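*Asks:* Would you be able to build a 3D model of this:
(one chain, ligands or ions: 1)
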Amino acid sequence: MEPVEIPEALIELLRKSEYVAVLTGAGISAESGIPTFREAQTGLWSKFQPEELATPEAFSRNPRLVWEWYTWRRELIAKAEPNPGHYALVEMEKKVPYFTLITQNVDGLHRRAGSGVRFPILELHGNIQRNKCFTENRPVETWEENGEIPPRCPNCGGLIRPDVVWFGEALPEETLSSAYEASRRCEIFFVIGTSGLVHPASSLPYTAAGCGAVIVEINPAATPVSKLARFTLEGHAGIILPALVDEAWMNIDSE
Ligand code: OAD
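*Replies:* The predicted structure is shown next:
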């Protein structure tokens, strides 16, 4: 196992902080067996073209292909389990006076781990287990199974699509503005398992840093965010986060 060294200055800062915000990306779910998007060998976008699968145009062109790709991803996610990185963030939410978890992930693993009890999880890119009507843009929960792929909206007969944000689409407005507010107010902003390349999520660490927050990055690789970070913890979230939470609070609890 890789050795984990958490700087003492970070532990002290974490213990006395009133407001911590966290931004997660696909890397936090990598140890649950869910492929990331951009990593050379395993990333989803190394095997598939985003414009063929994750755009409204792609869905209009070939709704069946897109629906089936999401069905494959949903099945993968349903079989996956949260990992120690997700669980460590559940503990952090319990310990910090004010806490905001912002995620770009659509896999719902933060919720399954138990996050979102004291403060809502901000899902910037939607949730793959939810659906909506492509025509009316309204949530759809049930429909008649008659073998049609994708199924059709019981209200208007339009196609049903996953409730995720595709390239070229706007993020949910309220969720995004809450994410900016958290970034402006927090004292520590963690950036975990994201390549920091997709706007507007990628601008949140800059907002936080501009308002004086200490940026902490957890990632085995360097990213554009690394130069903003006061602390860069190089390694896997599933190893570093539990070590961090243990040192910051569990040691105190057992003293
Ligand atoms: P990426 O695939 O772009 O980046 C994943 C990051 O996780 C990389 O920087 C890896 O180095 C890092 N990583 C891998 N394993 C890790 C581990 N065990 N612990 C910590 N970090 C690890 O994924 P995102 O940044 O999440 O958008 O991608 C952002 C958005 O692009 C996604 O939400 C998705 C995609 O297109 C939409 O679908 C709208």
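*Asks:* Let me see the contact set for the closest residue to A208 other than its chain neighbours.
*Replies:* Nearest non-adjacent residue to A208, counting by Cβ to Cβ, 6 or more residues apart in numbering: F189, 3.7 Å away. Placement of C-beta: from N, CA and C, glycine included. Going by Cβ atoms under 8 Å, 6 or more residues apart in numbering, F189 touches 20-23, 183, 204-205, 208-209, 213-216.
*Asks:* cool, and I102?
*Replies:* Counted by Cβ under 8 Å, 6+ apart, I102 has contacts A21, V22, L23, T24, I121, L122, L124, A179, A182, S183, A201, L204.
*Asks:* Go again with 6 Å.
*Replies:* Contacts for I102 (Cβ atoms under 6 Å, 6 or more residues apart in numbering) come out as L23, L122, A179.
*Asks:* returning to that earlier point: would you mind giving the contacts of F189 as TSV with neighbour count added?
*Replies:* Below are those laid out as TSV (neighbours: other Cβ atoms under 10 Å):
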residue	neighbour count
V20	25
A21	28
V22	28
L23	29
S183	23
L204	25
P205	26
A208	26
A209	17
A213	25
V214	20
I215	21
V216	24
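*Asks:* Can you tell me which of those residues is nearest the ligand?
*Replies:* For the contacts of F189, the residue nearest the ligand by Cβ to the nearest ligand atom is L23; the value is 9.4 Å.
*Asks:* Can you give the distance from the helix or strand containing R74 to the centre of its chain?
*Replies:* Counting by DSSP states H and E, the element that carries R74 is helix 63-79. Distance of helix 63-79 from the chain centroid (Cα atoms, centre = their mean, to the nearest Å) equals 18 Å.
*Asks:* what residues does the stretch 101-250 of the chain put near the ligand?
*Replies:* By the rule Cβ under 6 Å from any ligand atom, the part of the stretch 101-250 of the chain lying against the ligand is 104, 125, 165, 193-195, 197-198, 218-221, 223, 236-238.
*Asks:* Pull out the buried positions in the helix holding R74.
*Replies:* Buried residues in helix 63-79, counted by 16 or more other Cβ atoms under 10 Å: P63, V66, W67, W69, Y70, R73, I77.
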